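Trainee: 3D, please:
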Amino acid sequence: MFNRFIFIICFLPLGLFAQKSSTTSVKQAQRFYDQAINSITNNQIDLAIIDLKKAIDLDNKFLAAYQQLGDIQRKSGNYAEARINYTKILEIDTEFYPLTHFYLAESELNTGDYSKAITHFESYLSFPGISATSREKTEKYLLDCKFSLKGIEKPVPFEPKNIGPAINTAEDEYLPVITADEETIIFTRQANNNEDFYTSKRSNEIWDKASYLSNTINTPDYNEGAQNISPDGKYLFFTACNRPEGLGRCDIYLSKKEGNNWSEPFNIGEPINTSGWESQPSISADGKTLYFVSTRKGGFGGYDIWSAELNTDGSWNSPINLGPNINTKYDEISPFIHPDDESLYFSSNGWPGFGNKDLFISRKIITAENKTDWSRPINLGYPINTHNEESGLSISHDGEKAYFSSKKQGGFGKLDIYYFELPQELRPRNVSYVKGKVFDKINNLELNAHIQIKDLSTGKTVYDDFTELEVGVFLASLVNGKNYGLTVKREGYLFYSHNFLLNNKEKNEVYLLEIPLQKIEIGKIVILNNIFFNTNKFDLLPESKIELEQIVQFLNEYPALNIEIAGHTDDIGEDETNLMLSKNRAKTVFEYLINQNIRPNRLSFKGYGETNPISDNKTEDGRKLNRRTEFKITNK
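Mentor: Coordinates of the predicted model:
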């Protein structure tokens, strides 16, 4: 969130240059001009504009009045009107004020007239006495203009569509974020100079009428904005400014979904928030890395993008600047990290662009020293980017759609929310998500349970949270091309395990799971879906460690329980061979648990070979299910 600010325009000459004259021979025109300067000093900008126009009406060659009026218009973002006044000055006297050439060129750049902007930037550089700082900025703008002229010749596909009247109104709607299943959107609406969050649900591709998000988050006295929601829709990071408990002008807050409402938000504190300005959070899919914008010391420019890692105790590590491949000496804002955990979208006026701020994408890279870095940003191209400011982009989980806000003709009000199909080369890496519902196997009642998903090849936890209260649902975003193990636990119940083989890198897939949990009772069986052996072998594969640790933890939590470890095979091969293989596999698990200090008298093992199938042996999928390891609660 950026606070609106009031500017005071200095009427004194800037830089090393001076105007030829601030006076006119028309006395009444001079009086209006002097009144305007006094109004500018007192921050009465509207009165100053009226008086400057009166001065110009009385003397249509009053260059200082044109200059002041152009400066007001330029600084308020009214570049089209500023161009008219600056152009008038140069028509009368090209050497009245060298900076007029620069300001006219800047106004032309910000209205998309890049060829004329180049002409006037170059004419400004022809004046002697230009400071090194001014020369550097001018050359930067010249790069923007030349980049833009080339970019316009190679437009990218862009067909924005209004998201519709259920969300957009006559007020400003902006900064949309959407959950991984694209069933919930949260956005900011500004009405009566107050920013609040609104939300909408989608069913059958139709958005419901947006509603007020929550009285626990929205306030009548403070602005809430610049939000980001975790892919599962449970955690809302947002910005609030000037609150009594704040550490600085704007701080980052967090609220968690609790049933149908949201928890009381809390300031996430140091070291994220400082006495400066922190805003525009974006959380990674695993909830462990927070990206945000800050004006803290140690950056490259005014607004920089930083990141911080979450510790296991819930605290945050000291933020790290994303470095010179992202941040410039200008401004970088509105970061959005996609659930693929490597595609960062953001807005910048430091990298070559089409004017004001443009949208960029950078990809995370791992260096030879195994450190994280970022690729040089790619401009999303024209006409996604234009001479106007583009920022606040968010990308759908499948990477196909981008959501943004714009003041386009034919909208429902001022700023409306739009979406468009993202060009293929600008899309993130393919990701999937698993959405599950946990319930009691006997009575079908939804259960609140602990969900943990790990990358089986690395052991890294990629999701660690609880199901939603009252509904027993969870949603986890997963990167394609990896194998995952899922464990579901609840006190008084046997744990549940499952694995996902997400090897299709070319497709975004959705996995829906029904997860029945069994209460801990004699005779109940747990299928250990994440115990792995090579074909016809009984040595445990490294990927099995995660599941084995779960068994150890379970047995330590319930020290009175005894279990039988059972091995099973399909019906391929000789009966005796299968029986021996299943026995050896069960024995291997048995020995592992003993080595982890589980008392032997609590354990037994048995091989059943092919005698207890749970599926058809006629298909490979069926045989795969039959090749399994289990444990059963016994009364031994």
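
Trainee: need the pLDDT of residue 469.
Mentor: Reading off the confidence values, residue 469 has pLDDT 82.

Trainee: against residue 446, how distant is it?
Mentor: Residue 469 sits 9 Å away from residue 446, going by C-beta to C-beta, to the nearest Å. C-beta: built from backbone N, CA, C; applies to glycine.

Trainee: just want the most central residue of the chain.
Mentor: residue 336 (2.9 Å; C-alpha atoms, centre = their mean).

Trainee: if we ignore the residues flanking it in sequence, what's nearest it?
Mentor: Spatial nearest neighbour of residue 336, excluding adjacent residues (C-beta to C-beta, 6 or more residues apart in numbering): residue 345 at 4.5 Å.

Trainee: can you give me the buried ones in stretch 257-274?
Mentor: By neighbour count on 16 or more other C-beta atoms under 10 Å, the buried set for stretch 257-274 is 257, 262, 265, 267-268, 272-274.

Trainee: ok, now stretch 578-592?
Mentor: So for stretch 578-592, counting by 16+ other C-beta under 10 Å, buried means 578-590, 592.

Trainee: now tabulate the residues you listed in TSV and tack on distance to residue 516.
Mentor: Output for the buried residues of stretch 578-592, formatted as TSV (distance: C-beta to C-beta, whole Å):
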residue	distance to residue 516
578	29
579	30
580	33
581	29
582	25
583	29
584	31
585	26
586	24
587	29
588	28
589	24
590	27
592	27
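
Trainee: could you dump those residues to CSV with pLDDT and distance to residue 557?
Mentor: Shown next, in CSV, are the buried residues of stretch 578-592 (pLDDT from 0 to 100; distance: C-beta to C-beta, whole Å):
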residue, pLDDT, distance to residue 557
578, 94, 34
579, 96, 33
580, 97, 33
581, 96, 31
582, 96, 28
583, 97, 28
584, 97, 28
585, 97, 25
586, 97, 22
587, 97, 24
588, 97, 23
589, 97, 18
590, 97, 19
592, 97, 18
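
Trainee: from those residues, pick the one nearest residue 315.
Mentor: Lowest distance from residue 315 to the buried residues of stretch 578-592 (C-beta to C-beta) belongs to residue 592, with 34.3 Å.

Trainee: remind me which helix or strand that closest one belongs to.
Mentor: Using DSSP states H and E, residue 592 falls within helix 575-595.

Trainee: what of residue 487?
Mentor: strand 482-489.

Trainee: so what touches that strand?
Mentor: 434, 436, 438, 449-457, 462, 478, 495-503, 515, 517, 529-530, 543, 546-547, 550, 554 (C-beta atoms under 8 Å, 6 or more residues apart in numbering).

Trainee: any regions of this structure where pLDDT drops low?
Mentor: Low-confidence segments of the chain (pLDDT under 70): 1-18, 503-509.

Trainee: if we can go back for a sec, pull up the pairing partners for the helix or strand just after the helix holding residue 592, direction included.
Mentor: Downstream of helix 575-595, the next assigned helix or strand under DSSP H and E is strand 603-607. Here strand 603-607 is paired, per DSSP bridges, with strand 562-568 (parallel).

Trainee: and residue 497, that's in a strand?
Mentor: Yes. Judged by DSSP: H, G, I helix; E, B strand; the rest coil, residue 497 forms part of a strand.

Trainee: can you give me the neighbour number for residue 156?
Mentor: 16 (other C-beta atoms under 10 Å).

Trainee: which residue sits closest to it, ignoring its sequence neighbours?
Mentor: Here the residue nearest residue 156, using C-beta to C-beta, 6+ apart, is residue 381, at 3.9 Å.

Trainee: same check, this time on residue 251
Mentor: In space, and not counting its chain neighbours, residue 251 is closest to residue 273: 4.3 Å by C-beta to C-beta, 6+ apart.

Trainee: that neighbour contacts residue 248, correct?
Mentor: Yes. Contact criterion C-beta atoms under 8 Å: residue 273 and residue 248 qualify, at 6.3 Å.

Trainee: residue 395 is in contact with residue 423, isn't it?
Mentor: No. Applying C-beta under 8 Å as the test, residue 395 and residue 423 come out as separate, 12.0 Å apart.

Trainee: re earlier: who's in contact with the residue nearest to residue 156?
Mentor: Counted by C-beta under 8 Å, 6+ apart, residue 381 has contacts 151, 154-156, 423, 426.

Trainee: quick one: the helices in the protein?
Mentor: 27-41, 45-58, 63-75, 79-92, 98-109, 114-125, 132-152, 545-557, 575-595, 620-626 (DSSP state H).

Trainee: show me what contacts residue 230?
Mentor: 236, 283, 285, 287.

Trainee: how does it look with 10 Å?
Mentor: Each residue near residue 230 by C-beta atoms under 10 Å, 6 or more residues apart in numbering is listed here: 177, 179-180, 236-237, 256-257, 283-287, 339, 465, 475, 477.

Trainee: and of those residues, the nearest to residue 315?
Mentor: For the contacts of residue 230, the nearest to residue 315 is residue 287 (13.8 Å; C-beta to C-beta).

Trainee: ok, now how distant is the closest one from residue 167?
Mentor: Residue 287 sits 27 Å away from residue 167, going by C-beta to C-beta.

Trainee: and residue 312, by the same measure?
Mentor: Taken as C-beta to C-beta, the span from residue 312 to residue 167 is 38 Å.

Trainee: circling back to that earlier point, so which of the helices of the chain is nearest residue 404?
Mentor: helix 132-152 (18.4 Å).

Trainee: relative to helix 98-109, how tilted is the closest one?
Mentor: 30 degrees (axes from the mean of the first three to the mean of the last three C-alpha atoms, to 10 degrees).

Trainee: got the buried residues for helix 132-152?
Mentor: Quick answer for helix 132-152 (16+ other C-beta under 10 Å): 134, 137-138, 140-142, 144-145, 147-148, 151.

Trainee: quick one: that helix to helix 114-125, angle?
Mentor: 160 degrees.

Trainee: so which elements touch helix 132-152?
Mentor: helix 98-109, helix 114-125, strand 358-366, strand 378-379 (3 or more C-beta pairs under 10 Å, 6 or more residues apart in numbering; DSSP states H and E).

Trainee: how far does the last one sit from its chain's centre?
Mentor: Translated: strand 378-379. Relative to its chain's centre, strand 378-379 lies at 17 Å (C-alpha atoms, centre = their mean, to the nearest Å).

Trainee: ok, and what's touching that strand?
Mentor: 147-148, 151, 156, 348, 351-354, 358-363, 385, 425-426.

Trainee: again, only this time at 7 Å
Mentor: Contact partners of strand 378-379, identified using C-beta atoms under 7 Å, 6 or more residues apart in numbering, comprise 351-353, 358, 360-361, 385.

Trainee: can you list the residues you listed in TSV and add distance to residue 22 and neighbour count?
Mentor: Output for these, formatted as TSV (distance: C-beta to C-beta, whole Å; neighbours: other C-beta atoms under 10 Å):
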residue	distance to residue 22	neighbour count
351	38	23
352	37	18
353	35	26
358	37	31
360	42	25
361	47	22
385	39	24
